[in-house]
Structure formats: structure tokens, C-alpha cells
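How does the following fold in three dimensions:
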Amino acid sequence: MNKVEICFSPELIHLHSLENKIVVVVDIFRATSTMIAALANGINEIKTFADLEECRQMSKEGYLIAGERNGLTAEGFELGNSPIAYLDDAFKGRKLAMTTTNGTLAISKSNGATEILIGAFPNLSATVSYLQSKKQDVLIHCAGWKGMFNLEDSLYAGALAKSLEATHEAAEDGALAMKALFEKEGHDLKGFLSQASHAKRLQNHNIEADIDFCLTLDLFGMIGIVQNDVLKGIEV
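Predicted structure coming up:
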């Protein structure tokens, strides 16, 4: 049986081996949820950047640019970090360059894995199906909040570990703990995660619709996968 483990923050990724593992990067509120929404609604590809200025320069190459810091749209960017903005094929056929406070950093720190996937509740089942077909160990890399543990990413990690249990066993205490937490609280994601500190930060920005979207299961039958440093969507 393959293994599944959880890294709770990019600050801890150096404690985990990436070799011969598929890494699933997750930033529920909101980067990876936004990426999946964008790809499922016709964005051709996404390039991710940890640095604001590098991302901003991509507009010169015809990219739609999205930048977020501390929950707000960064200065000089066309879009922030809202998954709702991409629905109904709003930017179909465009290429997107994106930088966020936490999620894009976690992607950059996952280099060295066999594959890098993008995890979100709206495509959870598709991600599970793909991982089970690959028969490799899985490391779930939570973006967290500015280097610290956060509840929503970790609960998604528990949901993924639980969903994989027919083929993957928990390799360490974090995976065991988050799987148990999801078993206890997963029936009411929105109610439980309304307590999360980042959910409260987002509520202060009046974007409850984003939160609802990010916690909706299985809207899309596709995965997000990094190929040659570019994020693509693949139907499974």
C-alpha cells in the first residue's frame, strides 16, 4: 500500500522528502480553489509566481494578471484571488499569471516531486481518482497562512487522506490526525470552517460567496497539474 503524509506549511517542507512522490498543493482560501475554477472555465494555462513584480511583468506577454496580498487585490493587477471571477467562461482562451500570499509560494517550494497537483474541494473526487491510478506515495503540501498552520488546508488534507484510504495509508501522525478531524467534522465543512481565522479575515472583506465556492465538493471532473512549470487542467 502506498503512503500519504501531510506538510502543514511551506516553512516545514524541508523536513519532507519530495523524491518519488506526487505532491498535492492546497490553499483552500483561495489560491488553489481559484486555479481550479479558472482552468475549468476555459483558462488555457496558469503560470504562478511568488514575486509580485515578476507576475506583473507577464502582462507584457499577453497574460491576464492576478495578484493578491493579505486577501486583497494587489496594486496594478487586473484580478485578485476570487474563484467567482472566472465562472461562466469569463476569460476563456486566456493565459493567466498569478501570485498570492501563500499558495503560489507552496507551489514553488514543491519542485523536486515526481508530479505537482493542485488540490481543492471542487475537484476532490477527480484528484482522488487520478492519485489512485498513479500508485505512488502522496505528500499533501498545505500553503498555511504566512508560514503557520491553518485549519482549512489541513482539513482538506484530511479529506484527501480519508478518500485515499483504500490505496494509501497514513504515513505519519499529521495524516492520522487530519483524517480523524475530517471524519468528525467533514459533514459540515462550512459550519466548522467558519471558525477558521482566515475565513474570518475573508468575511471582513465581504466575500462570503468565495468561501461558499471554495467549500463546495466536486463541481469539476478535472485535475490541475504542473507541467514544465505551467499549470494545466486535465479531465479525468
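
Quick check: next helix or strand after the lowest-mean-pLDDT helix or strand in the chain?
Counting by mean pLDDT, DSSP states H and E, the chain has its least confident helix or strand at helix 197-203, which shows a mean of 68. On the C-terminal side of helix 197-203, the nearest following helix or strand under DSSP states H and E is helix 208-214.

what does that following helix contact?
Helix 208-214 is contacted by residues 28-30, 33, 37, 82-84, 120-122, 152, 190, 193, 199, 202-203 when judged by Cβ atoms under 8 Å, 6 or more residues apart in numbering. For every residue, glycine as well, the C-beta is placed using N, CA and C.

Please repeat the previous calculation with a cut-off of 7 Å.
With Cβ atoms under 7 Å, 6 or more residues apart in numbering as the test, helix 208-214 has contacts from 28-30, 33, 82-84, 121, 190, 199, 202.

What is the nearest of the residues you listed to Phe182?
When the contacts of helix 208-214 are compared for distance to Phe182 (Cβ to Cβ), Phe121 wins out at 11.2 Å.

close enough to count as contact, that closest one and Leu193?
No - in this structure, Phe121 is not within contact of Leu193 by Cβ atoms under 7 Å, at 10.2 Å.

intersection of neighbour lists for those two?
Here Phe121 and Leu193 have Leu215 as joint contacts, going by Cβ under 7 Å, 6+ apart.

what about stretch 112-120, start to end distance?
Using Cα to Cα, to the nearest Å, the end-to-end distance of stretch 112-120 comes out at 21 Å.

and the contacts of helix 208-214, which are buried?
Among the contacts of helix 208-214, those classed as buried by 16 or more other Cβ atoms under 10 Å are 28-30, 33, 82-84, 121, 199, 202.

can you redo those residues as JSON lines with secondary structure and distance to Ile6?
Shown next, in JSON lines, are the buried ones among the contacts of helix 208-214 (DSSP: H, G, I helix; E, B strand; the rest coil; distance: Cβ to Cβ, whole Å):
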{"residue": "Ile28", "secondary structure": "coil", "distance to Ile6": "14"}
{"residue": "Phe29", "secondary structure": "coil", "distance to Ile6": "17"}
{"residue": "Arg30", "secondary structure": "coil", "distance to Ile6": "20"}
{"residue": "Ser33", "secondary structure": "helix", "distance to Ile6": "18"}
{"residue": "Ser82", "secondary structure": "coil", "distance to Ile6": "27"}
{"residue": "Pro83", "secondary structure": "helix", "distance to Ile6": "23"}
{"residue": "Ile84", "secondary structure": "helix", "distance to Ile6": "28"}
{"residue": "Phe121", "secondary structure": "helix", "distance to Ile6": "16"}
{"residue": "Ala199", "secondary structure": "helix", "distance to Ile6": "20"}
{"residue": "Leu202", "secondary structure": "helix", "distance to Ile6": "23"}
